[in-house]
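Asker: Got a predicted structure plus its sequence, pasted below:
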Amino acid sequence: MSLIPPGRIDHIGIAVRDLNLARTTYESVLGAELSGCEVVEQQGVEVAFMQLPGDTRVELIAPTDRHGAVARFLDTHGEGMHHICITVEDIEETLAVLEKAQVPLVDKKPRRGAEGSRIAFVHPASLGGVLLELKQKAN
């Protein structure tokens with residue numbers, strides 16, 4: 001039995017410096033279509049969700065806060081994959097189970113994410129260097 005109930009992959013997050021350039025590139029190279037764009041003040045980012053053929057979505061993430069986590073990520077790692085996001089039914093319950101199992105977390109409590117969702121991140125040390133976003137969709 002897994003600690004996290006099986007959910008689907010919601011999106012793959014890609015950190016970029018220039019959101020408009022990245023959008024244009026994903027449209028022309030991959031045939032992606034913009035499905036939503038918004039600023040998430042709490043995280044200091046602007047995001048653009050790009051729909052690829054099928055169920056695959058990419059979240060392009062550009063910093064709006066030069067001292068925020070995504071800006072620091074870009075300074076350290078450059079542009080590229082930032083996280084994988086999976087959906088969960090009950091984010092508080094999922095976080096409680098992970099914390100009880102001593103899984104390192106970035107967030108012990110959910111915060112507001114894009115699309116009205118509630119999100120939290122599992123520390124990359126928990127999953128082979130991959131930052132995992134847990135997402136409870138808005139009702």
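Answerer: That came through, no problem.
Asker: Identify the residues contacting the longest helix along the chain?
Answerer: Counting residues, the longest helix in the chain under DSSP state H turns out to be helix 19-30. With contact meaning Cβ atoms under 8 Å, 6 or more residues apart in numbering, helix 19-30 is reached by 14, 16, 32, 33, 34, 46, 48, 50, 52, 58, 60, 62. All C-beta atoms are positioned from the backbone trio N, CA, C, and that covers glycine.
Asker: Surely the second one touches residue 61?
Answerer: Right, residue 16. Yes. Counting by Cβ atoms under 8 Å, residue 16 does reach residue 61; the two are 6.7 Å apart.
Asker: buried stuff in the longest helix of the chain?
Answerer: 19, 22, 23, 26 (16 or more other Cβ atoms under 10 Å).
Asker: Now do stretch 84-102: distance from first to last residue.
Answerer: 21 Å (Cα to Cα, to the nearest Å).
Asker: Check stretch 5-21 too.
Answerer: 37 Å.
Asker: buried sites along that stretch?
Answerer: 10, 11, 12, 13, 14, 15, 16, 19.
Asker: report the angle between the axes of whichever helix or strand the first one is part of and helix 19-30?
Answerer: Counting by DSSP states H and E, the element that carries residue 10 is strand 9-15. When axes from the mean of the first three to the mean of the last three Cα atoms, to 10 degrees is applied, the directions of strand 9-15 and helix 19-30 differ by 120 degrees.
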